[in-house]
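Trainee: sequence plus predicted model, see below.
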Amino acid sequence: MIARIEFVLTPEAAADAEKVHATACKEAGKGTQSKVRLLRKSLDARGKQPLYRFVAEVADRQDAFQLPENFKANDVSKAEEVHIIGAGPAGLFAALQLIELGRKPILLERGKEVRERRRDLAQLCRSGQVDPDSNYCFGEGGAGTYSDGKLYTRSDKRGDVPRILQAFIAHGAADEIAWEAHPHIGTNKLPGIIEHIREHIRNCGGEIRFNCRVDGLLRDTSRITHLLLGDGHRMPVKQIILATGHSARDIFRMLHRENILIEAKPFALGVRIEHPQSVVDAMRYRKEKRGDFLPPASYNLVEQAKGRGVFSFCMCPGGIIAPAATAPGEIVVNGWSPSKRNGYFANSGFVAAVDMPDFMPWKNEGALQALAFQSHWEQQAYAATGSLAAPAQRMEDFLNQRLSNELPECSYIPGIAPVDLNAVLPEQVHTSMRQALRQIAQKWPLYIHPDAVLVGVESRTSSPVRIPRDKESCRHPQITNLFPCGEGAGYAGGIMSAALDGVRVAHACWKENK
């Protein structure tokens, strides 16, 4: 018999595996020889003393637990092919699911393998030159590979979250991601896990082709017959899963050019806010020093200001701000943390929702109007400094609408330059952000810290385009062999939800032609 129990421990006790095991057994009324499976571990820092809350199962035998199954390996080398455009989490997990279902995935990735891609990112930070096919957004593993592998999701109803986590564990992630409330792999570890997934796909007979950009397509009335590749080849196709991510603007433009239905979509725009990690620790734990048994603190902020939502996004304790542009002449910032989250700084996106009325000056762009709006402000940020150095302003100066005479140290390697952020953000965004920060200051005075700095622009929060699909079949309404998928198609927001959508679309694709 399995007992499901909940219990609470101090951070020091929670760091002792034997103490956790013994407490779980005691709460279940069982002896310490019993087996314990942790289901959830979350930090509650609301009281004077931070506490860890656990949910666990306790049983007499290890085999009593129903563990998630990993994706089954089949030899699909001679099976029917399905082409997947994009080797991010949606594309990779679509491939894993297709292999289990007996189909051969052929992944076409415009960028490079993770190790080669890392060299390009280092060069990007040193020289300020952006490779349009190999950067923080494009390449094996997608945008999440070098944006630290946050696995937290609210998408439990979209699919089997434990199974996705188990797949990451099977390919090298730590067991803890199965029960941590906010699981996180780390940019230093995720590339190796992605490599293991790649080798699994290849060992099963699937294919992954790197440096393989899709530039066009050929179609009859309702089906795509060939993909036109960047090297000039025509690739015949039967079924296509389109999983290109939120930054594949050339794909959106290609679909628009071919009169394939796409739609403008709301997203969010703003900045990265960076503090010394010690400031965030003091704010969240209400003590001068964090202590040895507490993790680097994080936060989640949500406000309503001037009629729109303003919120923190992709918080990176102990992390750095990274250059995430995908083309010359634009500045985009993102953030990541190593697995230990032990850096000096903490950063988070801080963004305001933007919607169709905000895109009106670009309405002549039709379905690309939100993309044009997004691109405009990224180019404004670049124009403000003339290089990959990011426009920045101390938080206090931003609130008082004055240019910063000097800026604090910042983790953004290409450097920051003092700029009035009013010039690189839409008025409706910077005024909403300013009001939201004043509201936050009433609850968290320490947040408005002298060394807090705003770095712009954080604009790739989600795709500015949705590619419509049927709810059940996942097919595009016009193109019967096109299956839009993941974050770039507007159906996911992060690694986990993209992976879940990849699994769902692979099922739908298989069902269509089983």
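Mentor: Perfect, I can see it now.
Trainee: rest of the way, CA atoms for contacts and neighbours
Mentor: OK.
Trainee: now stretch 129-136, how far from the chain's geometric center?
Mentor: Taking C-alpha atoms, centre = their mean, to the nearest Å, the mean C-alpha location of stretch 129-136 is offset from the chain mean by 18 Å.
Trainee: same thing with stretch 395-409?
Mentor: 29 Å.
Trainee: who touches that stretch?
Mentor: Here stretch 395-409 makes contact (C-alpha atoms under 8 Å, 6 or more residues apart in numbering) with 392-394, 417-421, 434, 437-438, 448-454.
Trainee: what about the residues you listed, which are in helices?
Mentor: Counted as lying in helices by DSSP state H, out of the contacts of stretch 395-409, are 434, 437, 438.
Trainee: how much space separates the last one from residue 179?
Mentor: Meaning residue 438. 36 Å (C-alpha to C-alpha, to the nearest Å).
Trainee: okay, the two: which has more neighbours?
Mentor: residue 179 (19 against 16; other C-alpha atoms under 10 Å).
Trainee: other SSEs contacting the helix or strand where residue 94 lies?
Mentor: According to DSSP states H and E, residue 94 maps onto helix 89-101. Contacts defined by 3 or more C-alpha pairs under 8 Å, 6 or more residues apart in numbering; DSSP states H and E place helix 89-101 against strand 81-85, strand 104-108, helix 190-203, helix 495-512.
Trainee: what residue spans form the domains of this protein?
Mentor: The chain breaks down by automatic domain parsing into domains covering 3-64, 81-262+465-512, 266-458.
Trainee: residue 70 is nearest to which of those?
Mentor: domain 81-262+465-512 (5.6 Å; C-alpha to C-alpha).
Trainee: distance between the ends of the closest one?
Mentor: End-to-end distance (C-alpha to C-alpha), domain 81-262+465-512: 13 Å.
Trainee: swap in stretch 22-42?
Mentor: 18 Å.
Trainee: ok, residues contacting it?
Mentor: 3-7, 21, 52-62, 65, 178-182.
Trainee: tell me where the protein has helices.
Mentor: 11-14, 17-28, 89-101, 114-127, 161-170, 190-203, 249-257, 277-285, 369-385, 395-400, 427-443, 495-512.
Trainee: distance to residue 223 and mean pLDDT for those - can I get that in JSON lines?
Mentor: Putting these into JSON lines (distance: least, C-alpha to C-alpha, whole Å; pLDDT from 0 to 100) gives the following:
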{"stretch": "helix 11-14", "distance to residue 223": "56", "mean pLDDT": "97"}
{"stretch": "helix 17-28", "distance to residue 223": "56", "mean pLDDT": "97"}
{"stretch": "helix 89-101", "distance to residue 223": "21", "mean pLDDT": "98"}
{"stretch": "helix 114-127", "distance to residue 223": "33", "mean pLDDT": "90"}
{"stretch": "helix 161-170", "distance to residue 223": "31", "mean pLDDT": "94"}
{"stretch": "helix 190-203", "distance to residue 223": "27", "mean pLDDT": "96"}
{"stretch": "helix 249-257", "distance to residue 223": "13", "mean pLDDT": "97"}
{"stretch": "helix 277-285", "distance to residue 223": "52", "mean pLDDT": "96"}
{"stretch": "helix 369-385", "distance to residue 223": "26", "mean pLDDT": "98"}
{"stretch": "helix 395-400", "distance to residue 223": "52", "mean pLDDT": "98"}
{"stretch": "helix 427-443", "distance to residue 223": "41", "mean pLDDT": "97"}
{"stretch": "helix 495-512", "distance to residue 223": "14", "mean pLDDT": "95"}
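Trainee: closest to residue 145 out of those helices?
Mentor: Taking the helices of the chain one by one with C-alpha to C-alpha, helix 190-203 is closest: 6.0 Å.
Trainee: just want the most central residue of the chain.
Mentor: Against the mean C-alpha coordinate of the chain, by C-alpha atoms, centre = their mean, the closest residue is residue 494 at 3.4 Å.
Trainee: so that residue touches residue 145, yeah?
Mentor: No: look at residue 494 against residue 145 with C-alpha atoms under 8 Å: they stay out of range, at 11.0 Å.
Trainee: where does the prediction get shaky in this structure?
Mentor: Low-confidence segments of the chain (pLDDT under 70): 148, 154-157.
Trainee: about what we covered before: quick check, nearest of the ones in helices among the contacts of stretch 395-409 to residue 335?
Mentor: residue 437 (20.0 Å).
Trainee: now restrict the contacts of stretch 395-409 to buried residues only.
Mentor: Buried members of the contacts of stretch 395-409, counted by 16 or more other C-alpha atoms under 10 Å: 392-394, 417-421, 434, 437-438, 448-449, 451-454.
Trainee: out of the residues you listed, which are inside strands?
Mentor: 392, 393, 394, 417, 418, 453, 454 (DSSP state E).
Trainee: residues in contact with the first one?
Mentor: Residue 392 makes contact with 407, 416, 417, 418, 419, 420, 421, 453, 454, 455, 456, according to C-alpha under 8 Å, 6+ apart.
Trainee: what about it, distance to residue 332?
Mentor: 12 Å.
Trainee: overlap in contacts, these two.
Mentor: residue 456.
Trainee: can you list the ones in strands among the buried ones among the contacts of stretch 395-409 in a markdown table and add distance to residue 314?
Mentor: As requested, these are exported to a markdown table (distance: C-alpha to C-alpha, whole Å):
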| residue | distance to residue 314 |
| --- | --- |
| 392 | 19 |
| 393 | 20 |
| 394 | 20 |
| 417 | 23 |
| 418 | 24 |
| 453 | 17 |
| 454 | 15 |
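Trainee: closest one of the residues you listed to residue 308?
Mentor: Closest approach to residue 308 among these (C-alpha to C-alpha): residue 454, at 19.7 Å.
Trainee: thought the closest one was touching residue 271?
Mentor: Yes: judged on C-alpha under 8 Å, residue 454 makes contact with residue 271 at a distance of 6.1 Å.
Trainee: identify the residue nearest residue 294 in space, chain neighbours excluded?
Mentor: Spatial nearest neighbour of residue 294, chain neighbours left out: residue 11 (6.2 Å); criterion: C-alpha to C-alpha, 6 or more residues apart in numbering.
Trainee: actually residue 159, sorry about that
Mentor: Among residues not flanking residue 159 along the chain, residue 500 sits closest, at 5.8 Å (C-alpha to C-alpha, 6+ apart).
Trainee: quick one: contacts for that neighbour?
Mentor: Taking C-alpha under 8 Å, 6+ apart as the criterion, residue 500 is in contact with 90, 93, 158, 159, 160, 161, 164.
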